[in-house]
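*Asks:* Build the 3D model from these lines:
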Amino acid sequence: MKGLQILIAAGALGLAGLIVVAVTSGSFSEAGNWLISDPWGQVTLADLYLGFLFSAVVIWFFEPRPLHALLWILPIPVLGNVWTAVWFLIRLPHLRERMARR
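*Replies:* Okay, the predicted model is just below:
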């Protein structure tokens, strides 16, 4: 379990680092224009948001309170998978427990 949590944390930190590099050295508007104009950019965005939707569904079903679930789900489109990774880090022991009971 700890190994998986370390892997998730490392991935989240790596992604956060890439975001910092992109924000400080790239042009968000130029990248956005390319993403929506290029077919592979459109596929990338569709894949990203489909992953966000899948994460939201998992969070919705595993969070015990609907309000807590919404507080985790609503920031996902803005904060991305770094936010999703934080949720997984916190909830992984609980997820494992619930899955083992099935």
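*Asks:* which ones are touching Val86?
*Replies:* The contact partners of Val86, taken as CB atoms under 8 Å, 6 or more residues apart in numbering, are Ala12. The way it works is simple: take the backbone N, C-alpha and C, and place the C-beta from them, glycine included.
*Asks:* next one: Gly11
*Replies:* Ala85.
*Asks:* And it, how close does it get to Leu89?
*Replies:* Between Gly11 and Leu89 the computed distance is 10 Å (CB to CB, to the nearest Å).
*Asks:* buried ones in the worst-scoring helix or strand of the chain on mean pLDDT?
*Replies:* Among the helical and strand segments of the chain, the one scoring lowest on mean pLDDT, DSSP states H and E is helix 28-37, with a mean of 88. Of the residues in helix 28-37, none is buried under the neighbour-count criterion (16 or more other CB atoms under 10 Å).
*Asks:* Just say helix, strand or coil for the residue most central in space within the chain.
*Replies:* Here the mean C-alpha position of the chain is nearest to the C-alpha of Asn81 (CA atoms, centre = their mean), at a distance of 1.8 Å. The local conformation at Asn81, judged by DSSP: H, G, I helix; E, B strand; the rest coil, is helix.
*Asks:* Thanks again, I'm all set now.
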